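Visitor: This is the structure alone, sequence omitted:
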């Protein structure tokens, strides 16, 4: 949290970010309970969710936002 403050983010932004991390963890835990294997299956599901709300694939969205792309 302190890192985000040092980078100049607002308390509201930080709280939203921490909540999104918590929700993502709950989602991946649920996927694991339902038999999703780590790796490519998580990437495929994440990509579908990203496409649904942004219209971009995960890779396209990261490029659009100038975020680090991990291959």
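Guide: The structure has been received and is ready for your questions. Predicted, not measured: the structure shown is a model, and the values here were computed from it.

Visitor: Pretty sure residue 4 sits against residue 17.
Guide: Yes - taking Cβ atoms under 8 Å as the contact criterion, residue 4 and residue 17 are neighbours in contact, 6.7 Å apart. Glycine gets a C-beta too; all of them are placed from N, C-alpha and C.

Visitor: list the buried ones in the helix or strand of the chain with the lowest mean pLDDT?
Guide: In the chain, the helix or strand scored least confidently by mean pLDDT, DSSP states H and E is helix 58-64, which has a mean of 87. For helix 58-64, burial by neighbour count (16 or more other Cβ atoms under 10 Å) applies to 58, 61.

Visitor: distance between whichever helix in the chain runs longest and the chain's centre?
Guide: Looking only at the chain and at elements set by DSSP state H, the helix with the highest residue count is helix 11-33. Here the centre of helix 11-33 is set off from its chain's centre by 8 Å, with Cα atoms, centre = their mean, to the nearest Å.

Visitor: helices or strands next to that helix in the packing?
Guide: Contact analysis of helix 11-33 by 3 or more Cβ pairs under 8 Å, 6 or more residues apart in numbering; DSSP states H and E lists helix 2-6, helix 40-54 as its packing neighbours.

Visitor: can you put these in TSV and add mean pLDDT, distance to residue 27 and mean neighbour count?
Guide: Converted to TSV, these look like this (pLDDT from 0 to 100; distance: least, Cβ to Cβ, whole Å; neighbours: other Cβ atoms under 10 Å):
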stretch	mean pLDDT	distance to residue 27	mean neighbour count
helix 2-6	90	22	10
helix 40-54	92	8	13
